[in-house]
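**Student:** heads up, no residue letters with this:
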């Protein structure tokens with residue numbers, strides 16, 4: 001494999017022969033790196049970490065380091081990263097903890113822009129975009145195709161639904177509904193509407209988008225509490241896979257959701 005002479009690679013690391021390890025990278029023991037993954041320069045990786053194929057790590061990314069959770073006491077915990085991810089400059093990804101299932105997981109085809117922080121036990125899906133400076137506290141779960149705009153922060157144990165978009169500089173302290181466009185800070189954060197542009201780009205039909213728009217309109221109706229809004233959605237919105245996903249997400253929310 002191409003390994004720059006200035007890189008430090010522990011002999012117990014397992015690196016595919018087609019991977020590219022650039023200048024001044026440091027790779028510890030119990031690290032697995034898959035085919036054609038490229039560490040440009042100054043990338044620091046601790047194990048146990050498993051990294052898939054065709055990923056690109058830009059300079060000064062740190063991966064698999066110990067959690068900042070004060071309850072973490074060195075238990076063996078993992079970082080797992082899938083395929084075709086782009087990890088930009090100064091991104092930090094921490095391994096899991098016993099309190100969160102011992103794994104931090106990043107799926108496939110994600111873009112993590114500069115200065116993002118992925119804390120312990122975060123589960124990031126596929127095809128997500130985390131813009132510059134996005135910060136996840138521990139135990140956050142992010143569904144596929146989510147877009148989180150620059151300098152937004154997400155409270156621990158929150159869930160970000162699939163195909164949602166969060167506006168820049170948001171502070172998220174409750175779950176964010178799938179298919180939604182949400183922005184704001186703390187108590188002022190608001191569900192604005194369906195993520196229309198994002199859904200159109202991914203091939204959702206006008207009927208699917210309109211059904212979600214109607215569902216969100218009912219959820220935002222100040223005359224309806226959540227129970228009555230859900231009843232109205234079931235009565236007035238045609239049954240679709242998206243409607244059922246939205247209602248299941250609401251029913252399973254433990255922190256409440258942005259409304």
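**Tutor:** Yep, that arrived. Since we're looking at a predicted model, the values are computed, not measured.
**Student:** so the closest residue to residue 169 other than its chain neighbours, which of the three states?
**Tutor:** Spatial nearest neighbour of residue 169, excluding adjacent residues (C-beta to C-beta, 6 or more residues apart in numbering): residue 151 at 5.0 Å. Every C-beta, even on glycine, is put in place using the N, C-alpha and C of the backbone. Secondary structure, DSSP: H, G, I helix; E, B strand; the rest coil: residue 151 is coil.
**Student:** tell me the contacts of residue 151?
**Tutor:** With C-beta atoms under 8 Å, 6 or more residues apart in numbering as the criterion, the residues that contact residue 151 are 131-134, 168-169.
**Student:** and what of residue 148?
**Tutor:** Per C-beta under 8 Å, 6+ apart, neighbours of residue 148: 128-131, 134, 142, 154, 160, 165-166.
**Student:** And the contacts of the strand or helix carrying residue 228?
**Tutor:** Using DSSP states H and E, the element containing residue 228 is helix 226-236. Helix 226-236 has contacts (C-beta under 8 Å, 6+ apart) with 214-215, 218-219, 221, 224, 243, 246-247, 250-251, 259.
**Student:** ok and the longest helix along the chain relative to helix 226-236, angle-wise?
**Tutor:** Ranked by residue count and defined by DSSP state H, the top helix of the chain is helix 206-220. If you take axes from the mean of the first three to the mean of the last three C-alpha atoms, to 10 degrees, helix 206-220 sits at 150 degrees to helix 226-236.
**Student:** any idea how far residue 103 is from the residue nearest to residue 169?
**Tutor:** 27 Å (C-beta to C-beta, to the nearest Å).
**Student:** Would you confirm that residue 243 contacts residue 215?
**Tutor:** Yes - contact criterion C-beta atoms under 8 Å: residue 243 and residue 215 qualify, at 6.3 Å.
**Student:** Mutual contacts of these two, please.
**Tutor:** 233, 237.
**Student:** Between those two, which is the more surrounded one?
**Tutor:** Between residue 243 and residue 215, counting by other C-beta atoms under 10 Å, residue 215 is the more crowded of the two (27 against 19).
**Student:** In this structure the more buried one contacts residue 240, no?
**Tutor:** No - judged on C-beta under 8 Å, residue 215 makes no contact with residue 240 at a distance of 9.7 Å.
**Student:** Please tell me which one of the contacts of helix 226-236 counts the most neighbours.
**Tutor:** Across the contacts of helix 226-236, neighbour numbers were computed from other C-beta under 10 Å; residue 215 holds the maximum, 27 neighbours.
**Student:** That residue and residue 237: what is the separation?
**Tutor:** Going from residue 215 to residue 237 by C-beta to C-beta gives 5 Å.
**Student:** And for residue 188?
**Tutor:** Distance, residue 188 to residue 237, using C-beta to C-beta: 28 Å.
**Student:** Of these two, give the one with the bigger neighbour count.
**Tutor:** Between residue 188 and residue 237, counting by other C-beta under 10 Å, residue 237 is the more crowded of the two (20 against 9).
**Student:** from memory that one sits against residue 243, does it?
**Tutor:** Yes - applying C-beta under 8 Å as the test, residue 237 and residue 243 come out as touching, 5.5 Å apart.
**Student:** Overlap in contacts, those two.
**Tutor:** With C-beta under 8 Å, 6+ apart, residue 237 and residue 243 have common neighbours 211, 215.
**Student:** what's the neighbour count on residue 33?
**Tutor:** Using other C-beta under 10 Å, residue 33 has 27 other residues around it.
**Student:** Likewise for residue 141?
**Tutor:** 18.
**Student:** cool, and residue 13?
**Tutor:** 17.
**Student:** Name the nearest residue to it, sequence neighbours excluded.
**Tutor:** In space, and not counting its chain neighbours, residue 13 is closest to residue 31: 4.4 Å by C-beta to C-beta, 6+ apart.
**Student:** Fine, thanks again, bye for now.
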